[in-house]
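# A structural model of the following input is requested.
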Amino acid sequence: MTHVAHARFYAPGLQPEPGRLVVLSPDEAAHLAQVLRLRAGDAVRVFDGAGVEFAATIETAGRTAVSVRLIDQIPARPEPRVRLTLAQAVLKGEAFDQVVRDATMAGVRAIRPVLTSLSTPRAGAGTPIRRLERWRRVAIASAKQCGRATLPAIDEPIDLGAWFARDHSDVRLILAEPASAAAVPGSLAALRDHPAPPSASLLVGPEGGWTGEETATALGRGVVPLTLGSLTLRADAAAVVAVSALFTAWDAW
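Sure, this is the predicted structure:
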């Protein structure tokens, strides 16, 4: 028997019934059989992306067709107690993939791509549907790796104005660049003085940062500015640093 510790596979719509036979998707089947080279009888785990995870045993394993039998439900790892939405400006190239990967591992509940004045995707970045499919695949791979059983919701990109109208989180924050800290002061220390909110959203800008008009609009909508000190972070690194800092400040784990 091949031994791969806790190999995990995504099975949406999983019915939590021990003994049930579950057929994996072609992509997951190919990864199991062709990449990991697992065989019938090997132990695996499957999760549905909504917090349900099972220990399972491979029943049949073809190159593109795999079925597993559910054995015992496994308690999912706890989610952060603050439901945090990351509203990230669309970045160029594959930088947004990295944001999705890290934010999934960090525990955000949703990722909302937003289009800003300085975040227009370069030509050849793919159609919106293909980009969305890729981001969701990245999130699945990240959840499989880190042991998370819940996937963040990811939507198609919308413009910043539409996001302001649709988001109804209890607390809304915008990450401000160090150069603008004097104009829009704010820090994590202030957040520690208040109880952790049930839900929150964090706006993180593109490579070129926020325009003055975008910042003014956010402040006018009641969005609270947040700074992380004097260092300038890469656009694809700023989000995970800010998310981790917020969860720590709120003692959300």
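
# what about residue 6, which SS state?
Counting by DSSP: H, G, I helix; E, B strand; the rest coil, the backbone at residue 6 sits in coil.

# what's the neighbour count on it?
Under the neighbour criterion other CB atoms under 10 Å, residue 6 is assigned a count of 11. (Each C-beta comes from the backbone N, C-alpha and C, glycine too.)

# same check, this time on residue 24
Other residues near residue 24 come to 24 when the count uses other CB under 10 Å.

# kindly report the same for residue 134.
A count of neighbours around residue 134, defined by other CB under 10 Å, yields 16.

# okay, it and residue 97: tell me how far apart.
Using CB to CB, to the nearest Å, residue 134 is found at 7 Å from residue 97.

# give me the helix or strand of the protein that scores worst on average pLDDT.
helix 188-192 (a mean of 75; mean pLDDT, DSSP states H and E).

# which element is residue 68 on?
In this assignment (DSSP states H and E), residue 68 forms part of strand 66-74.

# circling back: helices or strands up against whatever helix or strand comes next after the least confident helix or strand of the chain?
Downstream of helix 188-192, the next assigned helix or strand under DSSP H and E is strand 199-204. Judged by 3 or more CB pairs under 8 Å, 6 or more residues apart in numbering; DSSP states H and E, strand 199-204 is in contact with strand 83-89, strand 171-175, helix 235-249.

# which positions within stretch 204-220 qualify as buried?
If you call a residue buried by 16 or more other CB atoms under 10 Å, then stretch 204-220 has these buried ones: 204, 205, 206, 209, 210, 214, 215, 217, 218.

# span of that stretch from start to end?
17 Å (CA to CA, to the nearest Å).

# pick the most buried one from the helices and strands packed on strand 199-204.
strand 83-89 (a mean of 25; mean count of other CB atoms under 10 Å).

# that strand - contacts with which helices or strands?
Of the remaining helices and strands, those touching strand 83-89 by 3+ CB pairs under 8 Å, 6+ apart are helix 95-106, strand 110-115, strand 199-204, helix 235-249.

# switch to 6 Å and redo it
Applying 3 or more CB pairs under 6 Å, 6 or more residues apart in numbering; DSSP states H and E, one finds that strand 83-89 contacts strand 110-115, strand 199-204.
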